[in-house]
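Peer 1: no FASTA, just this:
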DNA sequence: TGCTTGCTTGGAGTGCACTCGAAGGTCATA
DNA sequence: TATGACCTTCGAGTGCACTCCAAGCAAGCA
C-alpha cells in the first residue's frame, strides 16, 4: 500500500466554512496522531470502503466536495472521516443511499434544516427498532429449527 | 383480486411424499379454515409477495415444485406456506437468495443432510446476533445525534 | 360467441449500490 | 529519464433480487 506520508502544511484549505457541510458542528473527532489530512488510500484503510466507492459517494452528493491538493488529489479531513462513519452506520440500517443524500443536502443547507434532519433521524430510529424486533423474531425461529435438528441428531445417535 | 374460491377436493396431490421437500417434518401448520390448497393470488394475499416473485422462487429452486391443478395452475399447500414463512424470515436476516436455495436443496436431499442444515442455520444465527449488535450501536449514534438536534432546537427557542 | 379475469410460460428489463476500465497526470526513487 | 506507485476523470459493467412483458390457455358470464 505504501501510503506515502507527504503531510504537507494545510495550504489554506483547512480553514473550511465554520457552518460546514457534512458534520454536526462541534463534533469533529481528531484522530490520535492529531492529523487532519488523509489521502484516499488512507481513508480506504480507515473505513474499509474502496477508493471507487469514496469517489462515487462524492459524485452522487453523499459527501460534500473533498479538499484537493495542488495536484488535484483528494485530502480528507477528520470531519470527512466522521461523516463517513455516520454514513457507515446509516448504511447498516438499510437506509437507501438516496435518503442519505437527502440528509447530506439538509446538512449542506444549514441550520434552518435542523427540524427536518431530526425528523429524518427519528424515522430511521423507528426503522432500526423494528428491524431489531424482526431479527429477534427470526432468531426465535432459527433457535426452534436448530433445536429440532439437534434432537434429530441425538435420536439418530440412539439408534 | 376476486380470488374465486374453487375449493376442489384434493385431487390426489395432498398425499405428498412424507419425506417432503421443503418443510421440517411434523411442522405443517394448517390454516384456521382447515384448507390445504391455495391459488397463487391467495398466497400473494397471505404472504405479501407478488405472483411474479412466487413463480421466480420456484424457477430458481427456492421452492420445490408446487402442485398443479388439471389446468396447470399452481396449488400451494400449508407446507408451502410454512416454507415461505421461513424464507421470509431468512430474507429479513439479509441472507442471500443463493444461500436459501442451498438450504432448500439440502432439505430436498433428505435426512442425511441434517448436520449441514444445522450448521447453516447456526451460521445464520451468529450473523443475526451480530446484526442486532450493529443495529444497537447505530441506535446509540442516532440517539446521540437526535439529542444534539433537540438541544439545538431548545437553544434557539431560548433566543 | 365473445368478453373478461386469472392464470401459464420463458425471456427480457429494472433499480440499486457499487465496481471496474481506460486514458492520462504527478511524484519519488533507481 | 524512466519506472512504478498513486492518483485523477467519466462512462460502462456487474450482481442481486426482483419485475415486467407478450403470447396464450381455461373458466365464468352476457
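Peer 2: Yep, it's here. Model, not experiment: these values are computed from the prediction.

Peer 1: Around DNA strand C, pick out the residues from chain A.
Peer 2: In this structure, chain A approaches DNA strand C at residues A:4, A:6, A:50, A:52-53, A:56, A:70-72, A:91, A:96-98, judged by CB under 7 Å from any atom of the strand. All C-beta spots, glycine's among them, are computed from the backbone N, C-alpha and C.

Peer 1: Return the member of those residues nearest to chain B.
Peer 2: When the residues of chain A next to DNA strand C are ranked by distance to chain B (CB to the nearest CB), residue A:91 comes first, at 9.3 Å.

Peer 1: Nearest spatial neighbour of the closest one, chain-adjacent residues omitted?
Peer 2: Among residues not flanking residue A:91 along the chain, residue A:100 sits closest, at 7.6 Å (CB to CB, 6 or more residues apart in numbering or on different chains).

Peer 1: other SSEs contacting the strand or helix carrying that neighbour?
Peer 2: When secondary structure is defined by DSSP states H and E, residue A:100 falls within helix A:97-109. Using 3 or more CB pairs under 8 Å, 6 or more residues apart in numbering or on different chains; DSSP states H and E, the elements in contact with helix A:97-109 are helix A:78-92, helix A:114-158.

Peer 1: Kindly tell me how buried the residue nearest to residue A:92 when sequence neighbours are not counted is, as a neighbour count.
Peer 2: With CB to CB, 6+ apart as the measure, residue B:134 is the residue that lies nearest to residue A:92, at 5.1 Å, once sequence neighbours are left out. When neighbours are counted by other CB atoms under 10 Å in any protein chain shown, residue B:134 registers 15.

Peer 1: confidence score at residue B:134?
Peer 2: pLDDT recorded at residue B:134 is 95.

Peer 1: Walk me through the domains of chain A.
Peer 2: Residue ranges for the structural domains of chain A, counted by automatic domain parsing, are given in the record as A:1-10+A:26-95, A:110-159.

Peer 1: For the first one, the averaged confidence score.
Peer 2: I take that to be domain A:1-10+A:26-95. Across domain A:1-10+A:26-95, the per-residue pLDDT values average to 82.

Peer 1: residues of stretch A:38-57 that come out buried?
Peer 2: A:38-40, A:42-44, A:47, A:49, A:54, A:57 (16 or more other CB atoms under 10 Å in any protein chain shown).

Peer 1: want to throw the helices and strands packed on helix A:97-109 into CSV with distance to residue B:154?
Peer 2: Supplementary listing: the helices and strands packed on helix A:97-109 in CSV, determined by distance: least, CB to CB, whole Å:
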stretch, distance to residue B:154
helix A:78-92, 22
helix A:114-158, 11
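
Peer 1: Comparing those helices, which stretch has the densest surroundings?
Peer 2: Relative to the other members of the helices and strands packed on helix A:97-109, helix A:78-92 carries the highest mean neighbour count by mean count of other CB atoms under 10 Å in any protein chain shown, namely a mean of 19.

Peer 1: hmm, it touching DNA strand D?
Peer 2: No: Helix A:78-92 is not in contact with DNA strand D by CB under 7 Å from any atom of the strand; minimum separation 12.1 Å.

Peer 1: how much space is there between the residue lying closest to residue A:122 once chain neighbours are set aside and residue B:84?
Peer 2: Distances taken as CB to CB, 6+ apart put residue B:146 closest to residue A:122, at 6.1 Å, once the chain neighbours are dropped. Residue B:146 sits 37 Å away from residue B:84, going by CB to CB, to the nearest Å.
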